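K.L.:
Sequence and predicted model, in that order:
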Amino acid sequence: MKKFLFIASILVLGTLLFGAQTLTVLMPIGGGYTIQSQEVIAKSFEQAHPGVKVNMEFVGWANLWNKIITSFGANAAPDVMYIASRWIPALASMGALAPLENYITVQKEHMYYPSVWSSLIYKGHYWGVPRAMSTKVFVYNKKIFKENGITKVPTNWNELLEDAKKIYNPKKGIYGILMAGKKFVSTVTQFEQYLCANGGEIVDPNTGKVEIDSPQAVKALSFYKELSKYAQPGITNWTREDLIKLFEAGKGGMYIDHVHNAIKAMKAGIDVGFFPIPGGPDSNAPYSTVVVVDCMAVSSQAKNKELAWEFINYMSTLKEQTRWDTLQGFVPPMIKEAQESEFQKWYWKPYIQALKYGHPQAAGIKDWVSTANAILNAIQSVLLNQSTPQAALEKAAKTISVLQSQ
Amino acid sequence: MKAKKSTPYIFLLPLLMAFGLFLFYPLTKVVMDSFYKFNFLNPSHKVWVGGFNYKWLFTFRLYSPTYSYFVGALLKTVIWVGGSVAIKVLLGLGGALLLNSEFLKWKKVYRTLLIIPWSIPWAMSAMIWYWTLNGQFGIINSLLLHLHIIEEPVSFLAYPVSAFISTFIVDAWIGLPFMVIMLLSGLQTIPKHLYEAATIDGAGDFVKFTKITLPMIKPVLLTVSLLSIVWTFNSFAPIWILTRGGPVTSTTTLPIAIYNTSFRYLMFGGVGKASAMTIFQVLLVTSLSLFYIRTLKGEKS
């Protein structure tokens, strides 16, 4: 009996000491992401996988990139991490990610809209599983539109500019349009909306050739500058994330944003309407939107890649993905998810319909962060009258060409 | 009882160990890293590049065509540090004189209030200022509009010159309490009889200040100025939170440039180049410190 008890205790102790597996997961907070909403997944995964401990690490979205870089430098990278798909080329080419094509089944792949995967494939490998997808449309204040005699929403750039002019009343603190111009990534994504709407792109996704100084791009930046005359003053210190505060305060006629912020404005008492981003003069498409995809990736430093994959797989079941998207306010990346009752609500429709005119963000860009900085310098120098759109974008193109040739 | 020869060294050992661990090792590592090309994503893949990273400091012009990225940042840093330290010293001295004045009541309350900016985490202070300086919701604009000093709100952080000035004012606001408290302690060591003698001799307030106060607190003033210069040189959080180095590159000082080179511009930059920038900064700040220390020694003699 004593011998049996001794062996049993050794086994229990051994399981406790060596059997427990720890999984580190890095997730963003801020914006629509809350800690509570994400910890629920970790807890339910632990319940479904006895002996596994999930350590959820949270960092503000603005610091997510830096956190990933420093954790790799310290040889303590998380096993699973939430990343923007635009970072994939840089992270994958520097050996930070584990390829996932051997884990992603055909059945899994077919759960999503096919276009969602395009930004997650780099050099023939799959580097992530879609987690959050977003499209953007114009959110407008119906009351302000009505007060200024605007009876129909703009359908082209001329009408957009005219409506912004009509609304602009700085003495009353009401601005025609709210715009971003701060040195922050969302300024680039806001400008990209106009760039893509005019048929332009940063880089040709097929050839890698830099296109940021194309006539379409120059026209887009010129229009951005023209619109900024009717925007809130000092836009070079406004991020898109801060614009909601102005919109909620009834200070802006319209601006481009996510659905979750539109819902926030409704809760603040604003009578909100939506219209798609109109195509520019050089574009054949009537409307446009940039589709941003964030994903879950496995770090190359992950000791137990199978377990890391299992966690991602668990997070991305139809049930979990639906829960996540409805909670955070993201456009559903899964085909069946779009049929859920939540996404049938009137305010979701413009965002889901915008997918029809979607452009993938950052396709073919090798080093997004450095590229974005070059574009930010161009946008800010134009907004501050330091440079013409043509000269600023030519300078950015020169910088991005060097990056693309690395 | 005679102490062993080794005894002092045993007592010194913890200090030497701490010195080696926290100063010598990181500094040596930074020097070594400055001769390699690599980044944090793949730290084991190091390529020896000799002095290339140092050459890069003066040749990389893509983000800043007038000067190289490094030289542009260095020049801005010198002006930025000068502005911030000047405010800290001038207002610090003024504040200390006020708190040392016999006529001021509620001194303890003011001293307690003074500590607040220093006790708040820097990032939080910068965030408070971010919204305080905001063109639409900021309290400064609200006050100025209310007093009819301005007709339209001013976006302090949106334009190159005003953003540059605003960031170093915020940095000065954070560092001011330390300056006031240190200078106040210096003022309190001045014997009162010196002022009494000067009064008998018919000296006015200005003469007393220039002939007694300033010479007596000069060592403290120089020491705290030196500390302030070193700390301000490394100031990162206020700028990063307020402007992220923008608009364009107007507030990209050396700490911001080093951070970008190290963590953000992986293809252009990397740890090696950031290390080379750091070595330059260390050499510059150390030279400045040595110059100050020599000046201080001269004062004492």
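P.N.:
Sure, I can see it.

K.L.:
can you tell me how far the closest residue to chain A within the stretch 51-200 of chain B sits from B:Thr132?
P.N.:
Per CB to the nearest CB, B:Ser155 is where the stretch 51-200 of chain B lies closest to chain A, at 2.1 Å. In this view, the C-beta of every residue, glycine as well, is placed from N, C-alpha and C. Look at B:Ser155 and B:Thr132: by CB to CB, to the nearest Å, they are 13 Å apart.

K.L.:
More neighbours: the two, which one.
P.N.:
Ranked by neighbour count (other CB atoms under 10 Å in any protein chain shown), B:Ser155 and B:Thr132 place B:Ser155 first, with 22 against 16.

K.L.:
which residue packs closest to that one, ignoring adjacent ones?
P.N.:
A:Gly234 (2.1 Å; CB to CB, 6 or more residues apart in numbering or on different chains).

K.L.:
in which helix or strand would I find A:His359?
P.N.:
For A:His359, the host element (DSSP states H and E) is strand A:358-360.

K.L.:
Just the residues contacting that strand, thanks.
P.N.:
Here strand A:358-360 makes contact (CB atoms under 8 Å, 6 or more residues apart in numbering or on different chains) with A:115, A:118-119, A:135, A:196, A:201, A:205, A:288-291, A:293.

K.L.:
Can you show me the helices along chain B?
P.N.:
B:7-19, B:25-33, B:52-59, B:69-100, B:107-119, B:122-132, B:139-146, B:160-187, B:192-200, B:205-208, B:214-233, B:237-242, B:254-259, B:271-300 (DSSP state H).

K.L.:
Redo those helices as JSON lines? Include mean pLDDT and distance to A:Asn261.
P.N.:
Listed next are these as JSON lines, based on pLDDT from 0 to 100; distance: least, CB to CB, whole Å:
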{"stretch": "helix B:7-19", "mean pLDDT": "89", "distance to A:Asn261": "50"}
{"stretch": "helix B:25-33", "mean pLDDT": "93", "distance to A:Asn261": "42"}
{"stretch": "helix B:52-59", "mean pLDDT": "94", "distance to A:Asn261": "42"}
{"stretch": "helix B:69-100", "mean pLDDT": "95", "distance to A:Asn261": "35"}
{"stretch": "helix B:107-119", "mean pLDDT": "84", "distance to A:Asn261": "33"}
{"stretch": "helix B:122-132", "mean pLDDT": "92", "distance to A:Asn261": "18"}
{"stretch": "helix B:139-146", "mean pLDDT": "93", "distance to A:Asn261": "24"}
{"stretch": "helix B:160-187", "mean pLDDT": "95", "distance to A:Asn261": "26"}
{"stretch": "helix B:192-200", "mean pLDDT": "92", "distance to A:Asn261": "63"}
{"stretch": "helix B:205-208", "mean pLDDT": "91", "distance to A:Asn261": "59"}
{"stretch": "helix B:214-233", "mean pLDDT": "92", "distance to A:Asn261": "38"}
{"stretch": "helix B:237-242", "mean pLDDT": "95", "distance to A:Asn261": "22"}
{"stretch": "helix B:254-259", "mean pLDDT": "96", "distance to A:Asn261": "29"}
{"stretch": "helix B:271-300", "mean pLDDT": "87", "distance to A:Asn261": "36"}
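
K.L.:
would you turn the ones you listed into JSON lines with distance to chain A?
P.N.:
As requested, the helices of chain B are exported to JSON lines (distance: least, CB to the nearest CB, whole Å):
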{"stretch": "helix B:7-19", "distance to chain A": "21"}
{"stretch": "helix B:25-33", "distance to chain A": "11"}
{"stretch": "helix B:52-59", "distance to chain A": "13"}
{"stretch": "helix B:69-100", "distance to chain A": "11"}
{"stretch": "helix B:107-119", "distance to chain A": "22"}
{"stretch": "helix B:122-132", "distance to chain A": "9"}
{"stretch": "helix B:139-146", "distance to chain A": "10"}
{"stretch": "helix B:160-187", "distance to chain A": "7"}
{"stretch": "helix B:192-200", "distance to chain A": "49"}
{"stretch": "helix B:205-208", "distance to chain A": "43"}
{"stretch": "helix B:214-233", "distance to chain A": "21"}
{"stretch": "helix B:237-242", "distance to chain A": "8"}
{"stretch": "helix B:254-259", "distance to chain A": "8"}
{"stretch": "helix B:271-300", "distance to chain A": "8"}
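
K.L.:
Report the contact partners of residue 88.
P.N.:
Chain wasn't specified; assuming chain A. Applying CB under 8 Å, 6+ apart as the definition, the contact partners of A:Ile88 turn out to be A:97, A:119-120, A:122, A:127-128, A:295, A:297.

K.L.:
actually it's chain B I care about, not the one you picked
P.N.:
Applying CB under 8 Å, 6+ apart, the residues contacting B:Lys88 are B:172, B:175-176, B:179, B:228, B:232.

K.L.:
try 6 Å this time
P.N.:
B:172, B:175-176, B:179, B:228 (CB atoms under 6 Å, 6 or more residues apart in numbering or on different chains).

K.L.:
Nearest to B:Gly50 among the residues you listed?
P.N.:
Nearest to B:Gly50, judged by CB to CB, of the contacts of B:Lys88 is B:Ser228 at 36.6 Å.
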